[in-house]
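>>> When you get a sec, could you give me coordinates for this:
(one chain, ligands or ions: 1)
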Amino acid sequence: MKLDLREEVLSGYTDIFGLHYNSILACLSTYFNDSTIVELGTLYGAGTSALAYNKSNTVYTYDIVHQSKAATLFEKEDFKNVNYIIGNCIKGNWSDTRQNKTDKEIFLSSEIIFMDIDPPDGNVKGEQEDKVLNFLISNGWKGILVCDDIGTEWIDEFRDVEYSTLPIRKWWDSIDLPTFKIINKYSSPTGTGIICFDNQEVIYTPLTKDEEEHVINKFCHNPANWTYSPIQVPIDRFNDGGFEVREGHLKGVTGTWEETMLVKVEGNVGAYDNGITTYPTKLDEKGVRIVPKKIIILKTWAGELTLVDEWGQVRRIRK
Ligand SMILES: C[S@@+](CC[C@H](N)C(=O)[O-])C[C@H]1O[C@@H](n2cnc3c(N)ncnc32)[C@H](O)[C@@H]1O
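Modelled structure (predicted):
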């Protein structure tokens, strides 16, 4: 089976899913009908929406953490084909039962699995990924495994050594099956790849030099990536709601910032007064639940980052 992910095909999905791997996922969902698709790592359901694009398929999406944003999304008529499963997609040796089927039955009956299971600190090392891979190989699965965060060399320039993508890149290179590392306008800057377990073949349009630069720029301009920055990111925030990075390797990056205050706590998340932002509560060493009172959101054309007021992640911000 030839899976065509060339530009002329993927560009048909950008109106809905953008220049993002979600366009790849939506496109792949059209290669199968009346089939099962599995997602490992739901978060807010962005990838799930793409996998659920072809309504004849049934999507099972797993996450350890329940997100009300995802649950609300899946209540919509458009996502009747989505089953939201809260649970560890690896523990339990695939024998846990969900809606009368074991995880093993769900996984092995699928045509596509999308694996995007970062640990809480975002530091993907390949341990969970390797367990899933071995489970699928040892059970003779024949589908395609789409993987996010398989690492890229250039990204390591922006990361502390402990966040290097080398371990996951080594894992990827050790896979003894046909693999396709997708580097195009849609692939994730942290690396997107497809592993074919049968006779599938992936074709795609590689990036030109300009486009590759665009991908790297996009990565640099997304404040969510600065949390891994090896040096402090000094930011000037202005009263008109703009900000600018004045020094360092991100010098010249501009965007907007806004502040929002805690309104209420629902379950394990704090809800903020802009009506959109939520932030997970954390337990301190005494087991007391901490909810940040004030949240700052940094936005650029490439992405956004929600920070608690202590600036722990972007480290140094001047008002
Ligand atoms: C990067 S996010 C997923 C993003 C999502 N696929 C999307 O397209 O927006 C990673 C998610 O994996 C979940 N996760 C990590 N390990 C997991 C596991 N063993 N079982 C289920 N979920 C897991 C985390 O809770 C987190 O929500």
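
>>> Which strands or helices does the strand or helix carrying residue 8 pack on?
According to DSSP states H and E, residue 8 maps onto helix 7-10. Other elements packing on helix 7-10 under the criterion 3 or more Cβ pairs under 8 Å, 6 or more residues apart in numbering; DSSP states H and E are helix 21-29. (Each C-beta comes from the backbone N, C-alpha and C, glycine too.)

>>> Pairing partners for the helix or strand just after the helix it packs on, with directions?
Later in the chain than helix 21-29, the nearest helix or strand by DSSP H and E is strand 36-40. Strand pairing for strand 36-40, using DSSP bridges, gives strand 58-63 (parallel), strand 110-115 (parallel).

>>> and the following helix or strand past strand 36-40, what does it pack onto?
Next in sequence after strand 36-40, counting helices and strands by DSSP H and E, comes helix 46-51. Identification of packing neighbours for helix 46-51 by 3+ Cβ pairs under 8 Å, 6+ apart yields helix 21-29, strand 36-40, strand 58-63, helix 68-74, strand 110-115.

>>> tell me, how many neighbours does the residue nearest to residue 145 when sequence neighbours are not counted end up with?
Spatial nearest neighbour of residue 145, excluding adjacent residues (Cβ to Cβ, 6 or more residues apart in numbering): residue 195 at 4.3 Å. A count of neighbours around residue 195, defined by other Cβ atoms under 10 Å, yields 23.

>>> what does residue 39 give?
With other Cβ under 10 Å as criterion, residue 39 counts 30.

>>> now swap in the one 10 residues further on and tell me
Using other Cβ under 10 Å, residue 49 has 23 neighbouring residues.

>>> Also residue 242?
12.

>>> re the thing from before, now render the strands paired with strand 36-40 as TSV, adding distance to the ligand and mean pLDDT.
Shown next, in TSV, are the strands paired with strand 36-40 (distance: least, Cβ to the nearest ligand atom, whole Å; pLDDT from 0 to 100):
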stretch	distance to the ligand	mean pLDDT
strand 58-63	4	98
strand 110-115	7	98
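
>>> now those in TSV, with mean neighbour count?
Listed next are these as TSV, based on neighbours: other Cβ atoms under 10 Å:
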stretch	mean neighbour count
strand 58-63	24
strand 110-115	24
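
>>> For residue 297, which of those is the nearest?
Closest approach to residue 297 among those (Cβ to Cβ): strand 58-63, 22.9 Å.

>>> from the chain's centre, how far out does the closest one sit?
The chain centre lies 15 Å from the centre of strand 58-63; the measure is Cα atoms, centre = their mean, to the nearest Å.

>>> when you give positions from now on, start the count at 815
All set: I'll call the first residue 815, so the last point we hit is now strand 872-877.

>>> how about the CA coordinates for that strand, as CSV?
What follows is strand 872-877, C-alpha atoms only, in CSV (Å, rounded to 0.1, in the frame of the first residue of the first chain):
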residue,chain,number,x,y,z
THR,A,872,-13.4,4.4,15.2
VAL,A,873,-10.7,6.2,17.2
TYR,A,874,-9.6,5.0,20.7
THR,A,875,-7.5,7.7,22.3
TYR,A,876,-5.6,7.0,25.6
ASP,A,877,-4.3,9.4,28.2
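
>>> which one of the helices and strands packed on helix 860-865 lies closest to residue 1122?
Closest approach to residue 1122 among the helices and strands packed on helix 860-865 (Cβ to Cβ): helix 882-888, 18.6 Å.
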